[in-house]
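Novice: Predicted model, plus sequence, below.
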Amino acid sequence: MAEGSVMMMVVLVCSTLHVLPGMHRAIAAASHGPGEAEPVWTRKGAAWPGSGSNSPSVTVGPFQTVFNHSSQACNENDFPDTSARAFRDRDGNIQIIAVNSLSSHRLISTMLNPDNATMVRDCHQPLMTSGFNADPSQFDDQLWIQAVYTADGKTIHAIVHDEFHGERHNVSGLCPTHIMDDCWYCTLLGAVSYDAGKTFQLHPLEERIVAALPQTYPQGMGHRVGLAQNTGIVRNPNDGMFYFMALRSQSLYGNKTSKEETAPDGMCVFRTNNVSDPTSWYAWDGAGYNAKMVNPYTLQKSGGDPNQHICHIIPQRDNSLRFSLYFSTFYNKFMLVGTCHCDLSSPSTPQCVPEGIGKHAHMHSHTNHERYRDPAHPTQAFCFALSDNLITWSDPFYIMNVTSIQTWSTHHSDGTSGQWYPALVDATQPGYNLDRVGESAYLFFVYFHPKVKDYGKSRDLWRASVKFSK
């Protein structure tokens, strides 16, 4: 996450069309009104193994504002800092959660369709309030709701991204360098709402850990450590189990070479048969879902073996496709949506690779990915990948050009806007949980305004219609 914030629930209201600076020449037809089906662009992706000459492609429609920070924010700290997570409550309303750790509010709408981009921001009370606890063993510092799942639209189970920031607590020795990245420790926690998503509470400490590295907070470790930025929860139609993915960062344990101080960064996969029990999650350990997730402080006291409780990163995943996970009923595969680098020298068939995540990021053995890492050439983009089993994934398929949050942070004073935290919402899918997407959906993302003086709080939530092809 970019910075600490409070979680909010948001309801989208505006339907203004936008053109992203430098995005694409075809957006010039701004005369199309909200909800019209005129596409912005369509590009075929590269063919993927087993597909023959065919490959997925995406048609992207006009951009619309869902949440406008300048006119809808409940307070100055009310801005989206996560990918949008959606569910249908017991009254049939669509609720969207895109929050931060300083202010968390929801967006509500009776429906999502081309003629109704309106969502209402609920400012009555925050969804959850960060504890800002200076004791890392309490797992209650800065909190972001990152995933939701419900069986009845009333009791909503959530996975919460918890960042412990040693540099922000006035405790001697907690962060000797006083540098954020040196003292950043992240875990994933369980929370629940019993009032249809109005408020969420963390589970008791002994039942709180959904996923964590088997290592306690190392004071002044010199780099970020933890499991972070998890996707939403998806039910696998083939086995009935529930899954999510998360970024593993700088683990002391796991699949690493003897020369590495820490294991490579990458994506882990987690599974349970009971989303109501935060302690029931197991991680893929390279052979199966055998790594039980535990409280690292309890593990340390018991003298347990950390290597029995570490998730392994999935193979060939040098990527930032870490934001949003779904099951595609159109492709009959799992779909992961995130960011990538693309070579657009052949506009009709862009070649894309995952974006690297950290100094230990590794390469695909069969492709020269270094050419896409040249900062003078790569085109940053939103992409999606497909998988039958959540472990082996296709290379990314192009959706649209973006400017990453990293590029925006150094160039926004020049008039550069940013686009980050992609997600899909298909409200035509049945049931309470919008963890499936069909042939058409809405692409949601956070829009970062240029020339800001508020450390990036001027952020809106935008959407565009997308239609997938085979």
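Specialist: Okay, I see it.
Novice: isn't L434 right next to A86, touching?
Specialist: Yes - judged on C-beta atoms under 8 Å, L434 makes contact with A86 at a distance of 4.6 Å. Glycine gets a C-beta too; all of them are placed from N, C-alpha and C.
Novice: Quick check: neighbours shared by these two?
Specialist: Listed as contacting both L434 and A86 by C-beta atoms under 8 Å, 6 or more residues apart in numbering are 94, 425, 427.
Novice: Out of those, grab the one that's most surrounded.
Specialist: Neighbour tally across the shared contacts of L434 and A86 (other C-beta atoms under 10 Å): the maximum, 23 neighbours, falls on V425.
Novice: mind checking how far that one is from R121?
Specialist: Distance of V425 to R121, given as C-beta to C-beta, to the nearest Å: 17 Å.
Novice: I'd say Y442 and K467 touch.
Specialist: No - using C-beta under 8 Å, Y442 is not in contact with K467; the gap is 10.6 Å.
Novice: More neighbours: the two, which one.
Specialist: It is Y442, of Y442 and K467, that has more neighbours when counted by other C-beta under 10 Å, with 24 against 17.
Novice: Just the pLDDT for the most centrally placed residue in the chain.
Specialist: Centroid-nearest residue in the chain, with C-alpha atoms, centre = their mean: F323, separated by 2.7 Å. pLDDT recorded at F323 is 91.
Novice: pull the CA atoms of the host helix or strand of it into PDB?
Specialist: Element membership for F323, per DSSP states H and E: strand 320-328. Listed next in PDB are the C-alpha coordinates belonging to strand 320-328 (Å, rounded to 0.1, in the frame of the first residue of the first chain):
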ATOM      1  CA  SER A 320       3.200  -8.000 -10.600                       C
ATOM      2  CA  LEU A 321       0.000  -9.800 -11.700                       C
ATOM      3  CA  ARG A 322      -0.900  -9.800  -8.000                       C
ATOM      4  CA  PHE A 323      -4.000  -7.700  -7.600                       C
ATOM      5  CA  SER A 324      -7.200  -9.500  -8.600                       C
ATOM      6  CA  LEU A 325      -8.200 -13.100  -9.000                       C
ATOM      7  CA  TYR A 326     -11.400 -14.600 -10.600                       C
ATOM      8  CA  PHE A 327     -12.800 -17.600 -12.300                       C
ATOM      9  CA  SER A 328     -13.600 -16.800 -15.900                       C
END
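Novice: Distance from the following helix or strand past it to the middle of the chain?
Specialist: Downstream of strand 320-328, the next assigned helix or strand under DSSP H and E is strand 333-343. Centroid separation for strand 333-343 versus its chain: 12 Å, with C-alpha atoms, centre = their mean, to the nearest Å.
Novice: what are the pairing partners of strand 333-343, and which direction each?
Specialist: In the sheet, strand 333-343 lines up against strand 320-328 (antiparallel), strand 351-354 (antiparallel), strand 379-387 (antiparallel) (DSSP bridges).
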